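Asks: Sequence plus predicted model, see below.
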Amino acid sequence: MRSLLTSKAVRRALRPVAELVDQRVERQVRRVVGDTGGAVPSDVARELKTLRNRQRPLELFFDGTGRGASRLPSAPHLNRTIAELAEVTGKPEAAEGTVAQAFRLLVAMEALGVGRIAGGTMNIVGKLAAVPLLDPPNDDLLEIGTLYGMFGASLIRMMEKAGRDPRLTIVDPLAGTQVQPGTTMGADASGTPVREAAVRTNLSLVGPAGGATRIRQGFSEDPEVRARVSDRSYGVVVVDGDHSAAGVAADLEWAETLVAPGGIVVLDDFGHPKWPGIKEAFDKHMAAGVTRFTFLGQVAHSGYLRARAKE
Ligand SMILES: C[S@@+](CC[C@H](N)C(=O)[O-])C[C@H]1O[C@@H](n2cnc3c(N)ncnc32)[C@H](O)[C@@H]1O
């Protein structure tokens, strides 16, 4: 496998990181010079200031300003994600390239869309890369909990890159802000209200499949919503709505009836310390012993399950 750090595209993407390192080195030098009583020559100080001023706009492409999370993963984090992805999908030869594509897509979508994608960079990149590599049995995708629809839109693009024809269905209350039972969610870091118009704008960025997406406004446990969504078997179900143990348990139970034979369930924020209810609900669900699902493994903070294929 070609080393990540020698790949031209990744080197280019990581240039701002190298510049950050330079900046830190420069700060250390200044400290040492200060410690020994020496002064930084004025022309050097001027040059450093110019460099720093040039660096700031570059950082804005990747840092957390206006979206909460930084999109500047370290090389060890990237390498770990690639290794986990190779393990879960059984496709080591494709893992690095797919991670690179997913990472560039994430940065581009947040630059162009409204709102943001929720969660850490490696978790998002892992999900975007894993789903097409797991080769779901059909192209019907269901996302429970969409926030701004930007992840769903990105997933459409990743599936299309793999030659698939994705048809996305979304379930979310789209209640103005993110709803999480038992948790008070403050205003979103992006400043964008959570509403259907925002979701539609983001979906429009990914062409006809985005425009054809079905948006079912409401809660996944609502029988009326369920009836409207249960008209097909899904190749992929992303469980990313209510993060409480009760909410995840209900979604997993529903997913048992929705996923096509051989289909994939993505359990978001699996093992995340902030959301212990997800792993708790998963452990209970699997221990009950009446499941069609097999646990494939974990990439960053997402768990992957596959439904038993037809006998
Ligand atoms: C973490 S965000 C989803 C993020 C999105 N999947 C992404 O990757 O950017 C969770 C979303 O689920 C919604 N939600 C909460 N409870 C829900 C429920 N019972 N059914 C469907 N969506 C729910 C929240 O309002 C929020 O929009």
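Replies: Yep, that arrived. Numbers count the residues shown, from 1 in each chain.

Asks: Report the buried residues of whichever strand or helix holds Leu78.
Replies: Secondary-structure assignment from DSSP states H and E places Leu78 in helix 75-89. Using 16 or more other Cβ atoms under 10 Å as the test for burial, helix 75-89 gives 78-82, 84-86, 88-89. Using the backbone N, CA and C atoms, a C-beta is placed for each residue, glycine as well.

Asks: For the closest residue to the ligand within the chain, which non-adjacent residue is spatially closest?
Replies: Minimum separation of the chain from the ligand (Cβ to the nearest ligand atom) falls at Gly145, amounting to 2.7 Å. Closest residue to Gly145 apart from its sequence neighbours, by Cβ to Cβ, 6 or more residues apart in numbering: Gly241 at 3.2 Å.

Asks: Could I get the contacting residues of the one you found?
Replies: When contacts are counted by Cβ atoms under 8 Å, 6 or more residues apart in numbering, Gly241 touches 144-145, 171-172, 219-220, 247, 251.

Asks: Count the neighbours of the residue lying closest to Thr294 once chain neighbours are set aside for me.
Replies: Computed as Cβ to Cβ, 6+ apart, the closest residue to Thr294 that is not its neighbour in sequence is Arg306, at 5.4 Å. Residues near Arg306, counting by other Cβ atoms under 10 Å, number 19.

Asks: Put together a markdown table for the buried residues of helix 75-89, with distance to Gly210 on each row.
Replies: Below are these laid out as a markdown table (distance: Cβ to Cβ, whole Å):
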| residue | distance to Gly210 |
| --- | --- |
| Leu78 | 28 |
| Asn79 | 32 |
| Arg80 | 31 |
| Thr81 | 26 |
| Ile82 | 28 |
| Glu84 | 28 |
| Leu85 | 25 |
| Ala86 | 29 |
| Val88 | 27 |
| Thr89 | 25 |
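
Asks: which of these lies closest to Glu256?
Replies: Distance to Glu256, by Cβ to Cβ, is smallest for Val88 among these, at 20.7 Å.

Asks: quick revisit: could you pull up phi and psi at the residue nearest to Gly145?
Replies: Phi and psi for Gly241, reported as degrees, to the nearest 10, are phi -100, psi -110.

Asks: go on, the one 4 residues further on?
Replies: The phi and psi values for Ala245, taken as degrees, to the nearest 10, are phi -60, psi -40.

Asks: what do you get for Val265?
Replies: Backbone torsions for Val265, taken as degrees, to the nearest 10, come to phi -110, psi 130.

Asks: List the buried residues of the helix or strand encompassing Glu280.
Replies: Here Glu280 sits within helix 276-287, counting by DSSP H and E. For helix 276-287, the neighbour count (16+ other Cβ under 10 Å) marks 277-279, 281-282, 285 as buried.

Asks: cool, and stretch 247-267?
Replies: By neighbour count on 16+ other Cβ under 10 Å, the buried set for stretch 247-267 is 247-252, 254-256, 258-260, 262-267.

Asks: show me which of those residues neighbour the ligand.
Replies: Contacts with the ligand are made by Gly247 out of these, judged by Cβ under 6 Å from any ligand atom.

Asks: Filter the buried residues of stretch 247-267 down to the ones in strands?
Replies: Counted as lying in strands by DSSP state E, out of the buried residues of stretch 247-267, are 259-260, 262-267.

Asks: what residues does stretch 226-237 touch?
Replies: With Cβ under 8 Å, 6+ apart, stretch 226-237 has contacts from 131, 136-142, 144, 169, 171, 216, 220, 254-255, 257-261, 263-266.

Asks: one more time with 6 Å, if that's ok
Replies: Stretch 226-237 is contacted by residues 131, 136-138, 140-142, 169, 216, 255, 258-260, 263-265 when judged by Cβ atoms under 6 Å, 6 or more residues apart in numbering.

Asks: Tell me which two of those sit farthest apart.
Replies: Taking Cβ to Cβ, the two most distant members of the contacts of stretch 226-237 are Pro137 and Arg216; they sit 22.4 Å apart.
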